[in-house]
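# have a look; sequence and predicted model below, questions after that.
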Amino acid sequence: MNIEVRLQDNMVLNATKEGYSASTLAEELNDQTKVMKAIGDVIVNLNTITVILPAERDSSLHNIELLLQQGTPLTAEVDPYVAASLAESLNDNKKVLLAIGDLVVNRRAVLRVTSKSA
């Protein structure tokens, strides 16, 4: 699958990741013993990642909106969306990156999460 790795400086790196799963990738990337990671065919410093997402996404079922620090709005499908549960995940200091729907998001980059307006 073609994916985008968006960095804190707004650079977008394109990569290919076979069998992309946001939850699996987030788990792999949260290994605190390594700062440089290969994501598909790209090597990147984990501390610079803002978000990783599929290059092509169907947003018709997305039910939440995320606003990132750079002012970047994104949508995702989280079923069921329970604000308290997602907030708990965003506050987990043992993880820097977490899966939210088909996104892998740097928790420090998230400013706000809301239900998506119809």
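Sure thing, it's come through. Numbers count the residues shown, from 1 in each chain.
# show me where this structure has strands.
For the chain, the strands defined by DSSP state E cover 2-7, 12-16, 36-39, 42-45, 49-54, 64-68, 73-76, 97-100, 103-106, 110-115.
# parallel or antiparallel, which strands does the first one pair with?
The one in question is strand 2-7. According to DSSP bridges, strand 2-7 forms sheet pairs with strand 12-16 (antiparallel), strand 49-54 (antiparallel).
# residues in contact with the last one?
Contacts made with strand 49-54 from outside it, assessed by C-beta atoms under 8 Å, 6 or more residues apart in numbering, are listed as 1-8, 20, 22, 25, 29, 39, 68-70, 72, 74, 97, 102-106, 109. C-beta: built from backbone N, CA, C; applies to glycine.
# could you pull up the mean pLDDT of stretch 71-89?
The pLDDT scores in stretch 71-89 average 94.
# and that stretch, how far out from the chain's middle?
11 Å (C-alpha atoms, centre = their mean, to the nearest Å).
# and residue 56, what does it touch?
Going by C-beta under 8 Å, 6+ apart, residue 56 touches residue 2.
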